[in-house]
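Trainee: coordinates for the following, if possible.
(2 chains)
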Amino acid sequence: MIPFTYCYDWNVFDERGRQVAMAEFAANGAKHLVLTNALIEMISGNPKLYLKLRQEARDAGLDFVDSHMPFNFETDIALPVPEYCPQMLARMKFNLELIHDYGVDTCCFHICSRYRKEYTMAQHMDAARRSLEELLPVAEELGIVICLENIFQPCNLVDDVLTLIREFPSEYVGACYDIGHAYLMEQGMHVPGCVVPSHWEGVAPVPWEKDVLDRMLPHIVNCHLHDNSGDLDTHTIPGMGRIDWAPAMAKLRTAPRLRNMQSEVIPVRRNGLPIRAVVESFKKILN
Amino acid sequence: MELSRLPLTYYFEWDAVDERARRMVMAEFAANGAKHLVLTHTLLKMLCGSPALYRKLADEVAEAGLDFVDAHAPFRDECDLWLPVEAYRRQMIARRKLELQLVADFGVRTCTIHVGNWPYPGHTLEEYRDAARRSLEELLPVAEKLGVTIALENLYKPLNLPDALVGFVAEFDSDRLGLCFDAGHANILARGGEYPDGTAYNSCASMDTTPVWDARALDKMLPYVVSCHLHDNRIRRDDHDLPGTGTVDWKTVLEKLSRAPKLKCIQSEVKPVRNRIPVKTLCAAFRRLLAAPA
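Mentor: This is a model prediction of the structure:
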């Protein structure tokens, strides 16, 4: 049985609100939570939370499965500015330790969250290689799989993900399949107002993709499940967008390295959705 | 050495203000003649938790015409060097390495780290000592590479006392390991026995021990002192108040500090927010203190 785990926008809650939300997940039948980028940043910034957060999850009858490395310009493995890299790497190594201490063995990494146009794609990808050279030994020692995610921005294409996986042949490097991002890259060219082209302005023509799941399938270790209508990256619940879930889920289940599945619906900030609606929407597509 | 020639750097409780107020407080320090601020434990925690804050904070201090001199690593809560619980140690070491990197990235060359504040019931003093040693073994090579000197601070608990701190420095014999002399803590350690309900007794009670009083802290630490925390108190509590408001013998402290061969900076560790002290008053008090003949 592949564990199913839930992302949530924890940073909009205070401590009491967080505990109530955890209880809400448990009351709706959830068993696992994602150690999100926001939670990792909260623990990093508040040492008190290191033990407290884990206890809160236990008290709610939950545990953490899967994680997401913080992402931004300062925390990209493809950070092309050499003077910022030691800090970025020290930060990521610290975060990997936290992830390990929370009993989590998969971590989604963005290759490049903030593409800098004054650098080339090759320079970004070289930076990503140098980062992986430093981070992979730490991940291997801790038993954490670095999962590179497909996104609709430069340096995060399926080709980029597969290139790095090929160049770092380790069981601790794999892919994080993001179905919402895949849909934007496969269908966005047909949808007015699609967000994708704005990310490629001044960089290159949009390299629309196809067969994303088929190409990533052998390497998928974790996945981000959320829906959209091909225009915006809304991270909404299955059924509220246009993704054809049944065939995608059937195929995803055959991924030979798959360790967990994640709801990456962003209920509060983007969609105003109750936890119950999130959990029930996934029960439908999983059954 | 004239202490007034060393950089004077100011502590502030930055967690008491939001971003806009932080800029105002920085401007307030600059308007009152301050040149340097401390990269405090609070700022380091904020920086660890918010990657984007690094460049923002660097811009803010530069805009105010200030810079950071001296730093203080976070303490307690599974952060201490003496952390004896093996399961928690790797994250502590990784956190410390990130902090040292941030300190170096801000151009700061001294970072105070507590040997230990937080008690872990069931562990012996030797286990704490061994854990602290192992932490320093891991961190000193990083500090050496980054050009940051780790300064161990005198407190009241075992292994944080002057003799123990000097012992750590002697054991490692590294240019990147020194001491931070805390004048307020030394005042309490010298005369705290008169206050059974005081800070020192309470601090040690959490480890089922009593303070070992020592009136010669600065004499013992002097050869290794690289930074100092100057603040005053009335012994019962660790007030972190303005020099002159308590019982610290400032003339003697400053005279001795002026002979500290490795001292790199002077830090006001007065807590302005806690004590409701205007920045103007704080800066004026330190100007007077350091201008007075030692």
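
Trainee: thought A:A57 was touching A:D63, still the case?
Mentor: Yes: contact criterion CB atoms under 8 Å: A:D63 and A:A57 qualify, at 6.0 Å. To be clear about C-beta, it is placed using only N, CA and C from the backbone, and glycine gets the same treatment.

Trainee: contacting residues around residue 88?
Mentor: Chain wasn't specified; assuming chain A. A:E74, A:T75, A:D76, A:I77, A:L79, A:S131, B:P51 (CB atoms under 8 Å, 6 or more residues apart in numbering or on different chains).

Trainee: that answer is for a different chain, and I need it for chain B
Mentor: B:Y88 neighbours (CB under 8 Å, 6+ apart): A:Y50, A:L51, A:D101, B:E78.

Trainee: so for A:D63 and A:A57, which residues contact both of them?
Mentor: Counting by CB under 8 Å, 6+ apart, the contacts common to A:D63 and A:A57 are A:L33.

Trainee: neighbour count for these two, which is higher?
Mentor: Between A:D63 and A:A57, counted using other CB atoms under 10 Å in any protein chain shown, the more crowded position is A:A57 (22 against 17).

Trainee: list the residues that contact that one.
Mentor: Counting by CB under 8 Å, 6+ apart, A:A57 touches A:M22, A:L33, A:D63, A:F64.

Trainee: neighbouring contacts of the longest helix belonging to chain A?
Mentor: Scanning chain A for the helix with the most residues, using DSSP state H, yields helix A:121-142. Helix A:121-142 is contacted by residues A:76-80, A:85, A:88-89, A:92-93, A:96-97, A:99-100, A:107, A:111-112, A:115-116, A:145-146, A:154-155, A:160, A:163-164, A:167-168, A:170, A:172-173, A:203-204 when judged by CB under 8 Å, 6+ apart.

Trainee: 6 Å - rerun?
Mentor: Here helix A:121-142 makes contact (CB atoms under 6 Å, 6 or more residues apart in numbering or on different chains) with A:77-80, A:89, A:92-93, A:96, A:100, A:111-112, A:146, A:155, A:168, A:172.

Trainee: buried residues in that helix?
Mentor: If you call a residue buried by 16 or more other CB atoms under 10 Å in any protein chain shown, then helix A:121-142 has these buried ones: A:121, A:124-125, A:127-128, A:130-132, A:134-136, A:138-139, A:142.

Trainee: name only those of the contacts of A:M88 that count as buried.
Mentor: Neighbour-count burial (16+ other CB under 10 Å) applied to the contacts of A:M88 gives A:E74, A:T75, A:D76, A:I77, A:L79, A:S131, B:P51.

Trainee: let's see which of these end up in helices.
Mentor: Using DSSP H, the subset of the buried ones among the contacts of A:M88 located in helices is A:S131.

Trainee: which helix or strand contains residue 88?
Mentor: As the question left the chain open, I've gone with chain A. Here A:M88 sits within helix A:85-101, counting by DSSP states H and E.

Trainee: the intended chain is chain B.
Mentor: Going by DSSP H and E, B:Y88 is in helix B:86-105.

Trainee: after that helix, next one along is what?
Mentor: Downstream of helix B:86-105, the first helix or strand assigned by DSSP H and E is strand B:110-113.

Trainee: the next helix or strand after that next one near chain A anywhere?
Mentor: Toward the C-terminal end, the helix or strand that comes next after strand B:110-113 (DSSP H and E) is helix B:125-146. No: between helix B:125-146 and chain A, judged by CB under 6 Å from any CB of the partner chain, nothing touches; the nearest distance is 8.5 Å.

Trainee: that older thread, ok, which of the contacts of helix A:121-142 also contact chain B?
Mentor: Restricting those to those near chain B by CB under 6 Å from any CB leaves A:K93.

Trainee: in the contacts of helix A:121-142, find the pair that's most separated.
Mentor: For those, the farthest-apart pair by CB to CB is A:P80 and A:H100; their separation is 28.0 Å.

Trainee: buried set for the helix holding A:M88?
Mentor: For helix A:85-101, the neighbour count (16+ other CB under 10 Å) marks A:85-101 as buried.

Trainee: likewise for stretch A:266-284?
Mentor: Those would be A:I266, A:P267, A:V268, A:N271, A:L273, A:I275, A:A277, A:V278, A:V279, A:S281, A:F282, for stretch A:266-284 by 16+ other CB under 10 Å.

Trainee: wait, the fourth one sits on A:I237?
Mentor: No: contact criterion CB atoms under 6 Å: A:N271 and A:I237 do not qualify, at 7.4 Å.

Trainee: all strands of chain B, in order?
Mentor: Using DSSP state E, the strands of chain B run over B:8-10, B:36-39, B:67-72, B:110-113, B:149-153, B:177-182, B:225-230, B:266-268.

Trainee: one step back: dump the buried ones among the contacts of A:M88 into a markdown table; add pLDDT and distance to A:V196 as well.
Mentor: Formatted as a markdown table, the buried ones among the contacts of A:M88 follow (pLDDT from 0 to 100; distance: CB to CB, whole Å):
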| residue | pLDDT | distance to A:V196 |
| --- | --- | --- |
| A:E74 | 84 | 24 |
| A:T75 | 88 | 23 |
| A:D76 | 93 | 19 |
| A:I77 | 97 | 22 |
| A:L79 | 96 | 23 |
| A:S131 | 98 | 25 |
| B:P51 | 93 | 26 |
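
Trainee: and of the buried ones among the contacts of A:M88, the nearest to A:F13?
Mentor: B:P51 (21.0 Å).

Trainee: skipping adjacent residues, who's closest to that closest one in space?
Mentor: Excluding its sequence neighbours, the residue lying closest to B:P51 (CB to CB, 6 or more residues apart in numbering or on different chains) is A:E74, at 3.7 Å.

Trainee: buried residues, the helix or strand bottoming out on mean pLDDT in chain B. List them.
Mentor: Here the helix or strand of chain B ranked lowest by mean pLDDT, DSSP states H and E is helix B:199-205, holding a mean of 91. By neighbour count with 16+ other CB under 10 Å, helix B:199-205 contains the buried residues B:T199, B:A200, B:Y201, B:S203, B:C204.

Trainee: now do the host helix or strand of A:R166 against helix A:121-142, angle only.
Mentor: Per DSSP H and E: A:R166 is located in helix A:158-167. Using axes from the mean of the first three to the mean of the last three CA atoms, to 10 degrees, the direction of helix A:158-167 lies 50 degrees away from that of helix A:121-142.

Trainee: so after helix A:158-167, what's the next helix or strand?
Mentor: Next element after helix A:158-167 (DSSP H and E): strand A:173-178.

Trainee: and that following strand, what does it pack onto?
Mentor: strand A:145-149, strand A:220-225 (3 or more CB pairs under 6 Å, 6 or more residues apart in numbering or on different chains; DSSP states H and E).

Trainee: how does it look with 7 Å?
Mentor: Judged by 3 or more CB pairs under 7 Å, 6 or more residues apart in numbering or on different chains; DSSP states H and E, the packing partners of strand A:173-178 are strand A:145-149, helix A:158-167, helix A:212-216, strand A:220-225.

Trainee: many thanks, I have nothing further to ask.
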